[in-house]
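Participant: Here is a sequence with its predicted model. Questions after.
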There are 4 protein chains.
Amino acid sequence: MKHVVQQTVRFGDVDGAGIVYYPRFFNYFHVAFEDFFNRNAGVPYDQILAKERVGFPTVHVETDFGIPLRHGDAIDVEMTVSKIGKSSFTSTYRVLRAGKLCARAEITTATVDLDQMQAIPIPDKYREALERIREDAS
Amino acid sequence: MKHVVQQTVRFGDVDGAGIVYYPRFFNYFHVAFEDFFNRNAGVPYDQILAKERVGFPTVHVETDFGIPLRHGDAIDVEMTVSKIGKSSFTSTYRVLRAGKLCARAEITTATVDLDQMQAIPIPDKYREALERIREDAS
Amino acid sequence: MKHVVQQTVRFGDVDGAGIVYYPRFFNYFHVAFEDFFNRNAGVPYDQILAKERVGFPTVHVETDFGIPLRHGDAIDVEMTVSKIGKSSFTSTYRVLRAGKLCARAEITTATVDLDQMQAIPIPDKYREALERIREDAS
Amino acid sequence: MKHVVQQTVRFGDVDGAGIVYYPRFFNYFHVAFEDFFNRNAGVPYDQILAKERVGFPTVHVETDFGIPLRHGDAIDVEMTVSKIGKSSFTSTYRVLRAGKLCARAEITTATVDLDQMQAIPIPDKYREALERIREDAS
């Protein structure tokens, strides 16, 4: 199973060369990440941070940019999970336009106590949600 | 007296039409605002927020955009203060390129206790700093 | 009639004080502006720029920020048009959370030939679309 | 030799968790990249794009985020080049705060003709500039 979010390339996402300024791809990924929690975690993403004081800092990013995106492009951002460790996990994002892969990222996220800024084990309810979009899950 | 900060229009500031995407002008103004405090307030701007828990939310903005800016433009952002009230003040920003006025903004800023998110009187040391860049100050 | 777009305050929209960094409100307004054209102009907004070479630079902004927005807030951005001139028009944006007005902006937009960067009369099809969300329109 | 740019973490760079929202690190890297060309290429970066119609789209990114950055942090962004191919090169960026490594990125950049959006060999003058900050250069 995978989590999919439809997004649109906005005027402000595009740079002076007329294509998406690459740092803005990470916003697309983060929107998919937030929406995954909103729909699957039983707690809205903002409340996980504000109430539960659990945060998900990014520790490693690996991204391939293939086909440039332009203003107005309708994209699907697909999110799956490739690895789930004790206190971190790795998500994979695929950006597709008209079914064609334009960019792909692997992002490793730690799980921390936001008050102490220290790693904690991934809470069970989030682990279970993540398992449901594991790449090899049927 | 006025406070002046030199900035450069970056690649990512420009939009698909090849000119600065107007919301990014407000970043230029905010950089001038932060630097004003860093240089004049006796306390770095970040510490005013983090330690003193005093914040400066924007409550009103009025901006005229005249000459469009392009990637690579070297600009001066001038900041003065036109009004200082009990718990809010109004700053004026002028963006100049080669001495020519390109944009002008009046931004009214409240002073709040960040923990209560309630208006407080402008602390004296900040009021004194603001007075020094008052438009009619000699 | 008014044009309404539902948006969500994202993690990256919020600043160190835990509320939306005010320059990002202008992104919310611009998304409403783009979507207005996408749905009402007969030509997608990106094509107006890329193919017709008509652009809409912002020339004047007036904004009141009332209630601060937080991460996760679901907002409605309402767009109406208050003035339509020969080659410019003024749109009004209202940001509502749970029906409560949080921010309000008036934004005046010129209409230009993007190749010459010169003002042109608002093309009729866009004028007609704008008339439909005029504030006093029934 | 390496190219170093001093930057400051701005209020708007920080997210709801009080640390730099990771996509904004890529702005820091891009500022270093632009400044490298401005100071070393004999042609300002914006003119390379606008006049020479040569562009540098990012094709691969690999980043490790170690120590989180906070509002007001003064950082050094160091840029070196680890690989120079026929039509692409790989730059390494190190973000240091008080001499301590906080983040590290390897970014591979293609060289394209912006009008055709097709790969071209790295022009000699840029190749020579890049050679000067090659990691193993003395």
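Facilitator: Thanks, I have the structure now.

Participant: For the residue nearest to residue A:21 when sequence neighbours are not counted, give me its contacts.
Facilitator: Once flanking residues are discounted, residue A:21 sits nearest to residue A:15: 3.9 Å by CB to CB, 6 or more residues apart in numbering or on different chains. All C-beta atoms are positioned from the backbone trio N, CA, C, and that covers glycine. Going by CB atoms under 8 Å, 6 or more residues apart in numbering or on different chains, residue A:15 touches A:21, B:11, B:12, B:14, B:15, B:16.

Participant: Per-residue pLDDT of the residue nearest to residue A:58 when sequence neighbours are not counted, please?
Facilitator: Leaving aside its sequence neighbours, residue A:58 sits nearest to residue D:22 (CB to CB, 6+ apart; 4.4 Å). According to the prediction, residue D:22 has pLDDT 96.

Participant: Distance check, residue D:22 against residue D:65.
Facilitator: Distance, residue D:22 to residue D:65, using CB to CB, to the nearest Å: 6 Å.

Participant: so what's in contact with those two at the same time?
Facilitator: Common neighbours of residue D:22 and residue D:65 (CB under 8 Å, 6+ apart) are A:57, A:58, A:61.

Participant: can you tell me which of these are in strands?
Facilitator: A:58, A:61 (DSSP state E).

Participant: Which neighbouring elements make contact with the helix ranked longest in chain A?
Facilitator: Assignment by DSSP state H gives helix A:25-40 as the longest helix of chain A. Using 3 or more CB pairs under 8 Å, 6 or more residues apart in numbering or on different chains; DSSP states H and E, the elements in contact with helix A:25-40 are strand A:3-8, helix A:45-50, strand A:58-65, strand A:74-84, strand A:88-97, strand A:100-110, helix A:124-131.

Participant: ok so, going back, export the contacts of residue A:15 to a markdown table and append columns for secondary structure.
Facilitator: Converted to a markdown table, the contacts of residue A:15 look like this (DSSP: H, G, I helix; E, B strand; the rest coil):
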| residue | secondary structure |
| --- | --- |
| A:21 | coil |
| B:11 | helix |
| B:12 | helix |
| B:14 | strand |
| B:15 | coil |
| B:16 | coil |
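
Participant: chain center to the longest helix of chain A, what's the gap?
Facilitator: Centroid separation for helix A:25-40 versus its chain: 5 Å, with CA atoms, centre = their mean, to the nearest Å.

Participant: got the buried residues for it?
Facilitator: Neighbour-count burial for helix A:25-40, counted by 16 or more other CB atoms under 10 Å in any protein chain shown, picks out A:25-38, A:40.

Participant: Quick check: the two most widely separated of those residues?
Facilitator: Greatest spacing in the buried residues of helix A:25-40, by CB to CB: A:25 and A:40 (22.5 Å).

Participant: check contacts around residue A:122.
Facilitator: By CB under 8 Å, 6+ apart, the contact list for residue A:122 reads A:84, A:85, A:86, A:87, A:88, A:89, A:111, A:130.

Participant: Could you tell me the angle between the longest helix of chain A and strand A:3-8?
Facilitator: Helix A:25-40 and strand A:3-8 are oriented at 130 degrees to each other (axes from the mean of the first three to the mean of the last three CA atoms, to 10 degrees).

Participant: could the helices and strands packed on helix A:25-40 be laid out in JSON lines, adding mean pLDDT?
Facilitator: Shown next, in JSON lines, are the helices and strands packed on helix A:25-40 (pLDDT from 0 to 100):
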{"stretch": "strand A:3-8", "mean pLDDT": "97"}
{"stretch": "helix A:45-50", "mean pLDDT": "93"}
{"stretch": "strand A:58-65", "mean pLDDT": "98"}
{"stretch": "strand A:74-84", "mean pLDDT": "98"}
{"stretch": "strand A:88-97", "mean pLDDT": "98"}
{"stretch": "strand A:100-110", "mean pLDDT": "98"}
{"stretch": "helix A:124-131", "mean pLDDT": "96"}
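
Participant: can the ones you listed go into JSON lines with extra columns for mean neighbour count?
Facilitator: Formatted as JSON lines, the helices and strands packed on helix A:25-40 follow (neighbours: other CB atoms under 10 Å in any protein chain shown):
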{"stretch": "strand A:3-8", "mean neighbour count": "16"}
{"stretch": "helix A:45-50", "mean neighbour count": "20"}
{"stretch": "strand A:58-65", "mean neighbour count": "19"}
{"stretch": "strand A:74-84", "mean neighbour count": "18"}
{"stretch": "strand A:88-97", "mean neighbour count": "20"}
{"stretch": "strand A:100-110", "mean neighbour count": "18"}
{"stretch": "helix A:124-131", "mean neighbour count": "16"}
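
Participant: could you redo the ones you listed as a markdown table and give each row distance to residue C:50?
Facilitator: Below are those laid out as a markdown table (distance: least, CB to CB, whole Å):
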| stretch | distance to residue C:50 |
| --- | --- |
| strand A:3-8 | 15 |
| helix A:45-50 | 35 |
| strand A:58-65 | 21 |
| strand A:74-84 | 15 |
| strand A:88-97 | 16 |
| strand A:100-110 | 18 |
| helix A:124-131 | 40 |
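
Participant: Spatially central residue in chain A, please.
Facilitator: By CA atoms, centre = their mean, chain A has its centre lying nearest to residue A:33, at 3.5 Å.

Participant: Wait, that one touches residue A:81, no?
Facilitator: No: the criterion here is CB atoms under 8 Å, and residue A:33 misses it with residue A:81 at 10.7 Å.

Participant: and for those two, which residues touch both?
Facilitator: residue A:91.

Participant: Which positions in chain A make contact with chain C?
Facilitator: Within chain A, the positions lying close to chain C (CB under 8 Å from any CB of the partner chain) are A:10-12, A:27, A:30-31, A:34, A:44-47, A:49-50, A:70-72.

Participant: ok, of those residues, which one's closest to residue D:116?
Facilitator: Nearest to residue D:116 out of the residues of chain A next to chain C is residue A:70 (CB to CB; 15.3 Å).

Participant: pLDDT score assigned to the closest residue to the closest one other than its chain neighbours?
Facilitator: Leaving out its chain neighbours, the residue that sits closest to residue A:70 by CB to CB, 6+ apart is residue A:19, at 6.0 Å. Per-residue confidence (pLDDT) for residue A:19: 92.

Participant: cool, and residue A:31?
Facilitator: The model's pLDDT for residue A:31 equals 96.

Participant: tell me the contacts of it?
Facilitator: A:5, A:7, A:77, C:10.

Participant: One more: residue A:34?
Facilitator: A:45, C:10, C:11.

Participant: Tabulate these (TSV), appending distance to residue A:123.
Facilitator: As requested, these are exported to TSV (distance: CB to CB, whole Å):
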residue	distance to residue A:123
A:45	13
C:10	22
C:11	18
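
Participant: isn't residue A:60 right up against residue D:64?
Facilitator: Yes: contact criterion CB under 8 Å: residue A:60 and residue D:64 qualify, at 5.5 Å.

Participant: For residue B:67, see how far away residue A:10 is.
Facilitator: Counting by CB to CB - residue A:10 and residue B:67 are separated by 24 Å.

Participant: Those two: who's more crowded?
Facilitator: residue A:10 (23 against 14; other CB atoms under 10 Å in any protein chain shown).

Participant: Which per-residue confidence value corresponds to that one?
Facilitator: For residue A:10, pLDDT reads 94.

Participant: do the same with residue A:70
Facilitator: For residue A:70, pLDDT reads 95.
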